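J.: quick one, what's the 3D model for this:
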Amino acid sequence: MTAYPVLGKAKSRDICAAFIEGAPKDAKGSVFYGVDASNIQHWQRVSRSGEPYWYCDNTFFDKTRGTHFRIGRNCVQHDGQGQSKGERFKALTLEIKPWRATGEHIVICPQSDSFMREVAEYPGDWLSDVVRTMKLVSHRRFMVRNWDRNKLTLQATLARELVDAWMLVTYSSAAAIQALLAGVPVSAIGGAARWVGTDPLGIETPFYPEDRERFFGVLADNQFSIEEMKSGVAWRALNP
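T.: Numbers count the residues shown, from 1 in each chain. This is a model prediction of the structure:
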């Protein structure tokens, strides 16, 4: 198995190494934690070739940021579909708040330009496109959360901005998961939340899925601590 970490990023190197340590010695495939100019050629080759790969990134849930990391097998992010016993999610002791049916503004969470260009391969300016679309269908005020490399800074302000929010709109940011926990509907065209989200043109008629606990359980089953990677727990869960 080969790791293709982002050069100069110790966390990327360490997490890739931890996952490989817990894999069988004869396992084949590639491991990534993030993609930038230093490993984009490897990412494009692997992701388009049909070869097995595992893509690691930050946790689905803010509560486990820094201690757990999500891992997608042959995908950038698990889609949240399937079933779960719910044990790992229950261990997080996170509250699922009732759905909110009122709100004054729409929170927009763009992701980094490099992610949208190199991983999502979005053809254009996502933020401009989504704002243009929403102006056609909604009269509500937009609140744009500018992307910040410091995730803890963004995490600290998200809860405040979700107060009195009608919806959160993103491409695939984990901010959508926090919104769903808070009872705020989401619109996402990528990542796990796309399966429980609202089409951008349907912003004024949000989708309120009834199976959020199952959804969160599946996500929690697909994020792991570094020790779980090293011990093989992550490998066995992702490769039953």
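J.: ignoring the adjacent residues along the chain, who's closest to the most centrally placed residue in the chain?
T.: The centroid of the chain falls nearest to residue 174 when counting by Cα atoms, centre = their mean (4.1 Å). Spatial nearest neighbour of residue 174, excluding adjacent residues (Cβ to Cβ, 6 or more residues apart in numbering): residue 60 at 5.5 Å. Quick note: C-beta positions are derived from backbone N, CA and C, even for glycine.
J.: chain neighbours aside, what residue packs nearest to residue 89?
T.: residue 220 (3.8 Å).
J.: tally of neighbours for that neighbour?
T.: 24 (other Cβ atoms under 10 Å).
J.: next: residue 67.
T.: 12.
J.: then residue 196?
T.: For residue 196, using other Cβ under 10 Å, the count is 22.
J.: give the closest residue to it in space, chain neighbours not counted.
T.: Nearest one to residue 196, counting by Cβ to Cβ, 6+ apart, is residue 209 at 4.4 Å.
J.: can you tell me how far that neighbour is from residue 193?
T.: Distance, residue 209 to residue 193, by Cβ to Cβ, to the nearest Å: 10 Å.
J.: what does residue 39 give?
T.: Relative to residue 193, and taking Cβ to Cβ, residue 39 is found at 26 Å.
J.: residue 80 too?
T.: Counting by Cβ to Cβ, the gap from residue 80 to residue 193 is 7 Å.
J.: pick out whichever of the two has more residues nearby.
T.: Comparing residue 80 with residue 193 by neighbour count (other Cβ under 10 Å), the higher total belongs to residue 193, at 29 against 24.
J.: so that one sits in a helix?
T.: Yes. Checked against DSSP: H, G, I helix; E, B strand; the rest coil, residue 193 lies within a helix.
J.: ok, it touching residue 175?
T.: No. Using Cβ atoms under 8 Å, residue 193 makes no contact with residue 175, being 9.2 Å away.
J.: what element comes up after the one helix or strand in the chain whose mean pLDDT sits lowest heading to the C-terminus?
T.: Here the helix or strand of the chain ranked lowest by mean pLDDT, DSSP states H and E is helix 151-162, holding a mean of 78. Downstream of helix 151-162, the next assigned helix or strand under DSSP states H and E is strand 165-170.
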